[in-house]
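>>> next input, structure requested:
(one chain, ligands or ions: 2)
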Amino acid sequence: MAAASSFNFNFAPNYHPPPSPSSLPWRNWSSSPFASAHFLLRRRGERRAGSKCFVVLAAMMDGAKPTVLVADKLGEAGLDLLRKFANLDCSYNLSVEELCTKISLCDALIVRSGTRVTREVFERSGGRLKVVGRAGVGIDNVDLAAATEHGCLVVNAPTANTIAAAEHGIALLTAMARNIAQANASVKAGKWERSKYIGVSLVGKTLAVMGFGKVGSEVARRAKGLGMQVIAHDPYAPADRARAVGVELVTFEEAISTADFISLHMPLTPATLKMFNDDSFSKMKKGVRIVNVARGGVIDEDALVRALDSGIVAQAALDVFTEEPPPKESRLVLHENVTVTPHLGASTTEAQEGVALEVAEAVVGALRGDLSSTAVNAPMVPAEVLSELAPFVTLAEKLGRLAVQLVAGGSGIQSVKVTYASARGPDDLDTRLLRAMITKGLIEPISSVFVNLVNADFNAKQRGLRITEERLLLDGSPGNPLEFIQVQIANVESKFAAAISDSGEIKVEGRVKGGKPHLTKVGSFGVDVSLEGSIILCRQVDQPGMIGKVGSILGEENVNVSFMSVGRTAPQKQAIMTIGVDEQPSKEALNKIGAITAVEEFVFLKL
Ligand SMILES: NC(=O)c1ccc[n+]([C@@H]2O[C@H](COP(=O)([O-])OP(=O)(O)OC[C@H]3O[C@@H](n4cnc5c(N)ncnc54)[C@H](O)[C@@H]3O)[C@@H](O)[C@H]2O)c1
Ligand SMILES: O=C(O)[C@H](O)COP(=O)(O)O
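Ligands and ions are numbered 1, 2, ... in the order given. Sure, this is the predicted structure:
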C-alpha cells in the first residue's frame, strides 16, 4: 500500500500557525514533547551523542575560536559561558549599518527584542553567520525566512522568562484594576484623590486568556488563584491541557464577547497582526479591560485609542508596542486609562540570568555541533529515532548524489520521487531528515551551495525541484525503520542508459546492510555494493574475464579497488558490474575500460 505526498517546501518557523500543532514539533515548546529536552546538532553528517533531537548544521570553525556578537545586553552567566568557548564582541545599540558591517566577522549573533535581524544582516554576513540566538521567546524581530535561506540556524530561549512574563501580566492586571499607576502619580503630584481612583474587583470576573501557551497558561493559573473565571482562546492548544488547569477553550468570538478582562499571550505572526482591531473591539463587552504583555503588533493601536475613547475598552495595560519605544506623542501611551511599562515582561533578575544561560548554551551547542534544544527554523528528530536512522541518513544522501550524477548534462531536473519502504506506519517514521539529506545529495554535486537541514527545502524550491514522497507499507515486523529507499528522477535522459527503469525514470535503490549503506538497484538491475569511496558502473555483455580485465586496467593506474560485483539479467546476457574505487581513475583509464569490447556503457560516480 503506498501513500503519496508532495512535500511541503516551507520549513515553517515556529509561531506561524500550522494546520495542526503536532505537525510542527519545533513550535510551542511548552506543549511539545521536546520541551525540556536537549537536541542533537550535527555537522556535515558527523554524528554526536545526544539525548533527544537532531539538527544538521555546519557551524564549527575548525581550530579557530568562533566569534559571537552580543548585540543586546545579556546576563553575566550567559556571557561567562560564551567567553569560555568564543571570542565575544558585546556591542549594544548598534545602528543597522554598524550591525551589518560587523556581522561578516561573526559566527553567531545574540539579540533580545531590541535588535532587528533583517534579511540584510544575513546577506551582509557573507555566509559566515551560522547561528542567531534570541535571548527570549519572541522571534518576530528575526527574519526567519532569510535565516533559513542562508542556512543559518535560529535558536531562542523559550522557557526561562515564562514566569516573569506571567507575573508581569498579573501585575498589570491588578494594577490596572486598582489604578495603581495613576494613583501613585497623583499622590506624588501632591494630590489625594480617593474617589477618583475607585477600582474594580477581580474576583468572579471572566478573564479571557488569548494564546494558551507557556505564558498564557501560567497567567490562567494565577488568575484562578485570584478567584477569576478563566476561559481561553488558542486554536492550537490541546483542550486537555487547558482542562488540566480548569480552563475552557472557546472560540475567538466567544472569548472576546464574554470577557470582563482580556489578556494577550499569542505570538506576533502574519495571522495575529492587528487581530484586535475596530471589528473585534466592537464585539467586546462595554467596559472590557485589556492587558498586553505579548506583542504590540497584535493590536491595531489606533483602533484601541478609538475603543478607549468610546468607552468600549475601559482600561488597557500595555507592556509592548508596535514601535518600541513608542513615539513620545503616542495618544495610546498618554491616554489616561492606559497603564504602560517599557517591555519589562522578561525583566527580572532571575529571568535574565535564565535566558542568558539558555541562549548561551543553545548557541555554543549549535556552534560546536553539540546539544541544543531550541532550534526554531529546523526540523528535529528524537535521538532514539536518530540512532536508528543514522545509516539511512547516509544512504539517503548517497542515493541523491548517485541519482543526480546519472542525469545526462542538459536535462533539467524538476521532479524527484522518493519511496520509503517500511513496515512502519507514517507515524512511526519521520522522514524529514531523510528527505533533507536526499535533497542535499541531489543539489550539492550540481551547485556551489551548501545544503543543510535548515535550508534543504528552500534550496530545492529555489531550483524548482519538486520532491514527492511515497511510503510503501510492507508486511512484517517493523524492527528496521526502513527496508529500502528508492530515488527516481523523472523526465530526464541518463548518461548511463541502464539506470533508466522500465517505467522510464532514473532509478536507484539502496538498503542498509550490516549498518552500512548499500546500493541495491540501478534502473531495473539488481546490484549490491557498499556505498563508500566512488564507484564505476559498467554495463556489459555477460562473459567470463571481465572483472580481471577491468581490475588490471585500474591496477596499472594504482587505483585501489575496494570491491567488484556483477549483477546480470540472465547468464550470457546483459550485466552491470559495479566497481568500488578509493581514488579517481584518470580519463585514460576510464577510456580503456570503455574500450573493452564487451562494455556497452560505463559511468564514474563520486559518492
Ligand atoms: N513582554 C515580554 O517581555 C514577554 C515575555 C515573554 C513572552 N512574551 C511574548 O508572549 C507571547 C507568548 O509567549 P509564550 O512563551 O507563552 O509562547 P508560546 O509559544 O508558549 O505560546 C503562544 C501560544 O499562542 C498560541 N497562538 C498562536 N496563534 C494564535 C492565535 N491566532 N490566537 C490565539 N492563540 C494563538 C499558540 O498556539 C501558543 O499556544 C509571545 O508573543 C512572546 O513573544 C513577551
Ligand atoms: O519575547 C520575549 O522573550 C520577551 O518579549 C522579552 O523580550 P526581551 O528579551 O527584549 O526583554
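>>> use CA for all of it now, contacts and neighbours both
Noted.
>>> in space, what's closest to whichever residue of the stretch 301-450 of the chain sits closest to ligand 1 - neighbours in sequence excluded?
Among all residues of the stretch 301-450 of the chain, residue 345 sits closest to ligand 1, at 3.2 Å; criterion: C-alpha to the nearest ligand atom. Leaving aside its sequence neighbours, residue 345 sits nearest to residue 165 (C-alpha to C-alpha, 6 or more residues apart in numbering; 4.3 Å).
>>> how far away is the one you found from residue 85?
Computed as C-alpha to C-alpha, to the nearest Å, the residue 165 to residue 85 distance reads 30 Å.
>>> returning to that earlier point: residues contacting the residue nearest to residue 345?
215, 293, 345, 346 (C-alpha atoms under 8 Å, 6 or more residues apart in numbering).
>>> doesn't it fall inside a helix?
Yes: assessed with DSSP: H, G, I helix; E, B strand; the rest coil, residue 165 lies in a helix.
>>> how much space separates it from ligand 1?
5 Å (C-alpha to the nearest ligand atom, to the nearest Å).
>>> for the stretch 351-500 of the chain, give me the ranges with low pLDDT.
For the stretch 351-500 of the chain, the stretches flagged by pLDDT under 70 are 369-373, 379-384, 410-411.
>>> what do you get for the chain?
1-63, 369-373, 379-384, 410-411, 568-572.
>>> interface residues of it facing ligand 2?
112, 113, 114, 135, 136, 137, 138, 346, 347 (C-alpha under 6 Å from any ligand atom).
>>> which single residue of the stretch 451-600 of the chain ends up nearest ligand 1?
For the stretch 451-600 of the chain, C-alpha to the nearest ligand atom, closest residue to ligand 1: residue 454, 20.3 Å.
>>> that residue contacts residue 152, doesn't it?
Yes: applying C-alpha atoms under 8 Å, one finds residue 454 in contact with residue 152, separated by 6.9 Å.
>>> these two: which has the busier surroundings?
Using other C-alpha atoms under 10 Å as the criterion, residue 454 and residue 152 rank with residue 152 on top: 29 against 26.
>>> any idea which helix or strand carries the residue of the stretch 451-600 of the chain found nearest ligand 2?
As assessed by C-alpha to the nearest ligand atom, ligand 2 sits closest to residue 454 within the stretch 451-600 of the chain, at 22.3 Å. Here residue 454 is covered by no helix or strand, with elements defined by DSSP states H and E.
>>> now swap in residue 526 and tell me
strand 525-530.
>>> tabulate the CA atom coordinates of that strand in PDB.
The C-alpha atoms that make up strand 525-530 are tabulated as PDB, following Å, rounded to 0.1, in the frame of the first residue of the first chain:
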ATOM      1  CA  PHE A 525      19.300  -4.200 -12.500                       C
ATOM      2  CA  GLY A 526      19.900  -5.700  -9.100                       C
ATOM      3  CA  VAL A 527      23.400  -4.800  -7.800                       C
ATOM      4  CA  ASP A 528      25.000  -4.900  -4.300                       C
ATOM      5  CA  VAL A 529      27.700  -2.600  -3.400                       C
ATOM      6  CA  SER A 530      28.700  -0.800  -0.300                       C
END
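>>> whatever helix or strand comes next after it packs against which elements?
Using DSSP H and E, the helix or strand that directly follows strand 525-530 along the chain is strand 534-541. On a contact count with 3 or more C-alpha pairs under 8 Å, 6 or more residues apart in numbering; DSSP states H and E, strand 534-541 meets strand 574-581, strand 599-606.
>>> direction included, what does strand 534-541 pair against?
strand 574-581 (antiparallel), strand 599-606 (antiparallel) (DSSP bridges).
>>> nearest to residue 587 among those strands would be which one?
strand 599-606 (10.0 Å; C-alpha to C-alpha).
>>> please consider this matter closed, and thank you.
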